[in-house]
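Asker: Fold the following for me, if possible:
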Amino acid sequence: QVHLDESGGGLVQAGGSLRLSCAAPGLTFAPYAMGWFRQAPGKEREFVARISWSSGSTYYADSVKGRFTISRDNAKNTVYLQMNSLKPEDTAVYYCAAHRGPAVLLTPSGYDYWGQGTQVTVSS
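Answerer: Predicted coordinates:
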């Protein structure tokens, strides 16, 4: 059974950094593109970042561009999200997701597997 396990969330002050990890122990990791999404209370789940299976291409939401970096280690079946210069508006539950295929998916639709999420809270 495939499951994705996020970790690394927590409480941080504005301007601080966090590094999220997402492990996929039951997934044949390499063919899957990986994405990070987030959902704040009362809001829809929104795209944050995506990385291709080979790490050859990355995409970011405009709101996080220049502050967040997505990366992956296929040998460890893990994808990361380095978040710097955090702002209170980054507060949300962050989810990782996986989809197979070359399509660049920037919405939740089409992703095959999801994690349970990790809470990130940024205080002002």
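
Asker: Now stretch 45-64: average pLDDT?
Answerer: Mean per-residue pLDDT for stretch 45-64: 94.

Asker: what residue is smack in the middle of this protein?
Answerer: Nearest residue to the geometric centre of the chain (C-alpha atoms, centre = their mean): Trp36, 2.3 Å.

Asker: Trp53 and Gly66, how far apart?
Answerer: Distance of Trp53 to Gly66, given as C-beta to C-beta, to the nearest Å: 24 Å. Just so you know, the C-beta spots here come from the backbone N, C-alpha and C atoms, and that holds for glycine as well.

Asker: Ala40 too?
Answerer: Ala40 is 20 Å from Gly66, by C-beta to C-beta.

Asker: Check Gln13 too.
Answerer: As judged by C-beta to C-beta, Gln13 and Gly66 stand 20 Å apart.

Asker: do the same with Lys87
Answerer: Taking C-beta to C-beta, one finds Lys87 at 12 Å from Gly66.

Asker: go on, Met83?
Answerer: 12 Å.

Asker: More neighbours: which of those two?
Answerer: Legend: neighbour count by other C-beta atoms under 10 Å for Met83 and Gly66, higher for Met83 (26 against 9).

Asker: Please report phi then psi for the more buried one.
Answerer: When quoted as degrees, to the nearest 10, the phi and psi of Met83 stand at phi -120, psi 120.

Asker: Surely it and Val120 touch.
Answerer: Yes: when contacts are counted by C-beta atoms under 8 Å, Met83 is listed as touching Val120 (7.4 Å).

Asker: Can you check which residues contact both of the two?
Answerer: Overlap of the contact sets of Met83 and Val120 (by C-beta atoms under 8 Å, 6 or more residues apart in numbering) consists of Leu18, Leu20, Asp90.

Asker: ok, of those residues, which one's closest to Asp5?
Answerer: Leu20 (11.1 Å; C-beta to C-beta).

Asker: Flag every buried residue along the helix or strand containing the closest one.
Answerer: Applying DSSP states H and E as the criterion places Leu20 in strand 18-23. Neighbour counts over strand 18-23 (16 or more other C-beta atoms under 10 Å) mark Leu18, Leu20, Ser21, Cys22, Ala23 as buried.
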